[in-house]
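Undergrad: need a structure here:
(one chain, ligands or ions: 1)
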Amino acid sequence: MLRFLTAGESHGKALTVIIEGVPAGLPLSEDFIAGDLRRRQGGYGRGRRQKIEQDRAEIMSGVRHGKTLGSPIALSIQNRDWVNWTEQMSIDPIESEIQKVTRLRPGHADLAGIVKYDFDDVRNVLERASARETAARVAVGAVCKRLLEELGMDFRSHTVQIGDVDALVPPEIDWGAVEESPVRCADAAGAEKMVAAIDAARNAGDTLGGIVEGRVERVPMGLGSHVHWDRKIDGRLAQALMSIHSVKGVEIGAGFAATRTTGSKIHDVILPLSQWRPDKPWARATNNAGGTEGGITDGQDIVVRIALKPIATLPRALPSADLMTGEEIPAHYERSDICVVPAAGIIVEAMCAIVLATAALEKFGGDSLGEMLRNWRSFEATIGPRSLRE
Ligand code: EPS
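TA: Down below sits the predicted model:
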């Protein structure tokens, strides 16, 4: 079983992760994890914090001579900004008077969190509610990607909408160009309009949301299960994606658009053997299901989309009420991003990798990478037409 925990406040000393259940013998390095951490820090619309941080996960345990040991992998990502917050975030009680945050931000965890935990300083909630925590998840996701790469899988993401600007997504995406795009968009003309929309939001003291698509290629058939609700892979992906900060909607495959068409047009016709590629049995004419049928991966690419609301911390603060008095007062403003949609793609990839690695270990098992790969290959040898099996 694969499991992980993250810990850490946004302006605390560090983010900490423990991942348990990664098979032994998997090649893994800090440099590999750093690649995705760097990708997450980019994107047009980020705030000044990303100029301070240079995220790198230090491997504290679970790896020896470049390979995993099967023991828990502990990672630590330092918050470089912490030096500016040592008093505010001190572990020990301090003498000086700290300005408490009491001006509640609509759209953030401030109000519900402070009521639930019975605090009188919103900082006790906002530090952990911050999307800074996604750096820890991206580090976990990178470890999971490293494992799934061994099964041939690949993880991609791109921006399909920012504010009211839609990308014209080409049928074949140039993934190199997406990585170069300031908004991680496959449509260069759309990307220019998205950049302009972010500039306009910044000038207006406002924020922007959008839609990001994630794709996973060469996913094995048979991950997840139809037999029970909490084993369905689409449900597990939806939960993981919905847990990303600011996400208000998740779609798989054709998603909501499937409601506007008919069954005859939307289901992915199963093609006969004569039309299969040698490396791909049970080929389909389309992939409207987004790679899952009945809660099980069907061997097609996983395609997911998340809808992100605009960030809740607005430079031009929203009207709000004060925690202490209930009187009208503008919401708290603290340095923040204008738009995190481009960065969210890397978090989508990470959450998909975590869910699929967990499901792959359930299906194929294995204490070592070699054992897992043997189990995977022996299952793959069984999936073709029954009469052609050896
Ligand atoms: C965030 C507020 C900003 C973001 C932060 C998420 O942090 P700060 O208040 O320090 O400027 O930069 O995201 C990150 C630090 C990050 O690494 O993604 C929030 O309120 O959610």
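Undergrad: for His245, what are its contacts?
TA: Shown in contact with His245 (Cβ atoms under 8 Å, 6 or more residues apart in numbering): Ala129, Ser130, Ala131, Glu133, Thr134. Using the backbone N, CA and C atoms, a C-beta is placed for each residue, glycine as well.
Undergrad: hang on, the fourth one is in a strand, isn't it?
TA: So that's Glu133. No. Looking at Glu133 with DSSP: H, G, I helix; E, B strand; the rest coil, it is helix, so not inside a strand.
Undergrad: Hmm, it is touching Thr6, no?
TA: Yes. Counting by Cβ atoms under 8 Å, Glu133 touches Thr6, with 6.0 Å between them.
Undergrad: Next, show the common contact partners of these two.
TA: Jointly contacting Glu133 and Thr6 under the rule Cβ under 8 Å, 6+ apart are Leu15.
Undergrad: Pull the number of nearby residues for the closest residue in space to Pro106 that isn't next to it in sequence.
TA: Excluding the flanking residues, the one nearest Pro106 by Cβ to Cβ, 6 or more residues apart in numbering is Leu318, at 5.2 Å. Counted by other Cβ atoms under 10 Å, the residues lying close to Leu318 total 14.
Undergrad: from what I can see Leu318 touches Leu104, true?
TA: No. Leu318 lies out of contact with Leu104 (Cβ under 8 Å); the separation is 9.8 Å.
Undergrad: Find the residues that touch each one of those two.
TA: In contact with both Leu318 and Leu104: Ala331, using Cβ under 8 Å, 6+ apart.
Undergrad: Count residues in the vicinity of Ala381, would you?
TA: 10.
Undergrad: Okay, it and the ligand: tell me how far apart.
TA: Remark: distance between Ala381 and the ligand (Cβ to the nearest ligand atom, to the nearest Å) = 43 Å.
Undergrad: any idea how far Arg377 is from the closest residue to that residue other than its chain neighbours?
TA: Counting by Cβ to Cβ, 6+ apart, Ala381 lies nearest to Glu390, which is 7.7 Å off, once chain neighbours are set aside. Glu390 is 14 Å from Arg377, where distance means Cβ to Cβ, to the nearest Å.
Undergrad: and what of Ile311?
TA: 45 Å.
Undergrad: can you check Ala360 too?
TA: The gap separating Ala360 from Arg377 is 13 Å, by Cβ to Cβ.
Undergrad: ditto for Asp121
TA: In terms of Cβ to Cβ, Asp121 sits 55 Å off from Arg377.
Undergrad: which residues sit in contact with Asn288?
TA: Gly253, Ala254, Ala258, Ile266, His267, Asp268.
Undergrad: Share the number of residues neighbouring the fourth one, please.
TA: Ile266 is surrounded by 16 other residues when neighbours are defined as other Cβ under 10 Å.
Undergrad: wouldn't it be in contact with Ala254 here?
TA: Yes. If you go by Cβ under 8 Å, Ile266 and Ala254 touch, sitting 6.2 Å apart.
Undergrad: Look at the residue of the stretch 201-350 of the chain at minimum distance from the ligand and report its pLDDT.
TA: Closest contact between the stretch 201-350 of the chain and the ligand, by Cβ to the nearest ligand atom, is at Arg335 (4.0 Å). Arg335 carries a pLDDT value of 84.
Undergrad: what about it, helix or strand, and which?
TA: In the assignment (DSSP states H and E), Arg335 maps to no helix and no strand.
Undergrad: what's the single longest helix in this protein?
TA: Taking DSSP state H as the criterion, the chain has its longest helix at helix 341-364.
Undergrad: Helix or strand next in line after that one, which one?
TA: helix 369-380.
Undergrad: Convert the C-alpha atoms of stretch 205-222 to PDB, please.
TA: The C-alpha trace of stretch 205-222 is given here as PDB (Å, rounded to 0.1, in the frame of the first residue of the first chain):
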ATOM      1  CA  GLY A 205      -6.300  44.600  -8.100                       C
ATOM      2  CA  ASP A 206      -8.200  41.400  -9.000                       C
ATOM      3  CA  THR A 207      -7.400  37.700  -9.500                       C
ATOM      4  CA  LEU A 208      -8.200  35.100 -12.200                       C
ATOM      5  CA  GLY A 209      -9.100  31.400 -12.300                       C
ATOM      6  CA  GLY A 210      -9.300  29.000 -15.200                       C
ATOM      7  CA  ILE A 211      -9.200  25.400 -16.500                       C
ATOM      8  CA  VAL A 212      -6.300  23.000 -16.700                       C
ATOM      9  CA  GLU A 213      -6.200  19.600 -18.500                       C
ATOM     10  CA  GLY A 214      -4.000  16.700 -17.400                       C
ATOM     11  CA  ARG A 215      -3.200  13.700 -19.500                       C
ATOM     12  CA  VAL A 216      -1.600  10.400 -18.600                       C
ATOM     13  CA  GLU A 217      -0.300   8.300 -21.500                       C
ATOM     14  CA  ARG A 218       0.200   4.500 -21.700                       C
ATOM     15  CA  VAL A 219      -1.900   3.700 -18.600                       C
ATOM     16  CA  PRO A 220      -2.300  -0.100 -18.100                       C
ATOM     17  CA  MET A 221      -5.800  -1.500 -18.200                       C
ATOM     18  CA  GLY A 222      -7.300  -2.800 -15.000                       C
END
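Undergrad: And it, how far out from the chain middle?
TA: 8 Å (Cα atoms, centre = their mean, to the nearest Å).
Undergrad: what mean pLDDT does it have?
TA: 98.
Undergrad: In it, which residues are buried?
TA: Buried residues in stretch 205-222, defined by neighbour count with 16 or more other Cβ atoms under 10 Å: 206-216, 219-222.
Undergrad: and which of these is nearest to Ile19?
TA: Set against Ile19, the nearest of the buried residues of stretch 205-222 by Cβ to Cβ is Val216 (19.3 Å).
Undergrad: on that earlier part again, count of neighbours near the residue of the stretch 201-350 of the chain closest to the ligand?
TA: The burial count for Arg335: 10, using other Cβ under 10 Å.
Undergrad: Please report the distance of it from Glu97.
TA: 22 Å.
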